[in-house]
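Q: what's the 3D shape of this:
(one chain, ligands or ions: 1)
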Amino acid sequence: MAKDAKPAKISKKKTGKVTTLPMPASLPAPKKLVAPKSARRAERAVLTPLHEGIAGASDSAVLERLHRTVLARQASGDVVASHSARLLARGTAKVAQKLGEEAVELVIEATLGNHHAAVLESADLLYHLLVLWVDAGIAPEQVWGELARREGISGIAEKAARPKGIVRAARTTKLP
Ligand SMILES: N=c1c2ncn([C@@H]3O[C@H](COP(=O)(O)OP(=O)(O)OP(=O)(O)O)[C@@H](O)[C@H]3O)c2ncn1[C@@H]1O[C@H](COP(=O)(O)O)[C@@H](O)[C@H]1O
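A: Numbering: from 1, shown residues only. Modelled structure (predicted):
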């Protein structure tokens, strides 16, 4: 090679990969790029669940653990590292809005018969429900207690036992 010849450029096309060179410590860290919401949603839909193979991942105690995590994130107030802390810091209206959005997304997927997407949206909905409980100061035990109280009571019998005025007010055109 001639003395002043430039070194050959390593093209991405030829090698098929791009090498990241180490950055000098004195330079500021590059700004993190955030993908658009639609892209993040699409990515999440194909991510392998992290919990695969973790003991206890498939039982409902995961809700209790998640509730404790969200409580801890609220206490930390770390709005940079924690999505829960950030959402809680945005206030009750935002927390409630997110729960509503997730509910609508689940309704859409279920109505379309998209089983896998409905599972993912159900997890989103439960997470956002727990964030709402933390925001509202509701302990999971309060909800478990109410569910336990209702066990064995038929929904139809319960409705029939309501005071007549309330039944009339609740009359709807719902499909049977
Ligand atoms: N289960 C979840 C979970 N499900 C969904 N999400 C996040 O919820 C966000 C929903 O994104 P969206 O774009 O719909 O909403 P958004 O970012 O609030 O944006 P806007 O609607 O305001 O535009 C995404 O960042 C998801 O990653 C969750 N974030 C956290 N968890 C659990 O909560 C734990 C604590 O998380 P951090 O609080 O982030 O540490 C985690 O270990 C998980 O177990």
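Q: Val95: neighbour count?
A: Here the count is done by other C-beta atoms under 10 Å, and Val95 has 21 residues near it. The way it works is simple: take the backbone N, C-alpha and C, and place the C-beta from them, glycine included.
Q: relative to the ligand, how far out is it?
A: According to C-beta to the nearest ligand atom, to the nearest Å, Val95 and the ligand sit 10 Å apart.
Q: so the nearest residue to that residue once chain neighbours are set aside versus Ala81, what's the distance?
A: Sequence neighbours aside, Asp135 is the residue nearest to Val95 in space, at 4.7 Å (criterion: C-beta to C-beta, 6 or more residues apart in numbering). According to C-beta to C-beta, to the nearest Å, Asp135 and Ala81 sit 19 Å apart.
Q: what do you get for Ile108?
A: 31 Å.
Q: compare those two (neighbour count), which wins?
A: Using other C-beta under 10 Å as the criterion, Ile108 and Ala81 rank with Ile108 on top: 13 against 9.
Q: for that one, which three-state class applies?
A: Taking DSSP: H, G, I helix; E, B strand; the rest coil as the rule, one finds Ile108 in the helix state.
Q: kindly report the same for Ser26.
A: Ser26 ends up coil, using three-state DSSP.
Q: so which bits of the protein are right by the ligand?
A: Residues of the chain found near the ligand (C-beta under 6 Å from any ligand atom) are 37, 40, 66, 69, 73, 82-85, 87, 98, 124, 127.
Q: point to the helix or strand of this protein where mean pLDDT is at its lowest.
A: helix 12-15 (a mean of 43; mean pLDDT, DSSP states H and E).
Q: which stretches of this structure aren't confidently modelled?
A: The chain contains residues with pLDDT under 70 at 1-24, 27-58, 165-176.
Q: which phi and psi does Arg149 have?
A: Here is the backbone geometry of Arg149 (degrees, to the nearest 10): phi -60, psi -30.
Q: how about Gly152?
A: phi 80, psi -10.
Q: quick one: it from Thr111, how far?
A: For Gly152 relative to Thr111 (C-beta to C-beta), the value is 31 Å.
Q: if you count surrounding residues, which of these two has more?
A: Neighbours were counted for Gly152 and for Thr111 using other C-beta under 10 Å; Thr111 has more, 9 against 6.
Q: need the contact list for the more buried one.
A: For Thr111, the contact set (C-beta atoms under 8 Å, 6 or more residues apart in numbering) is empty.
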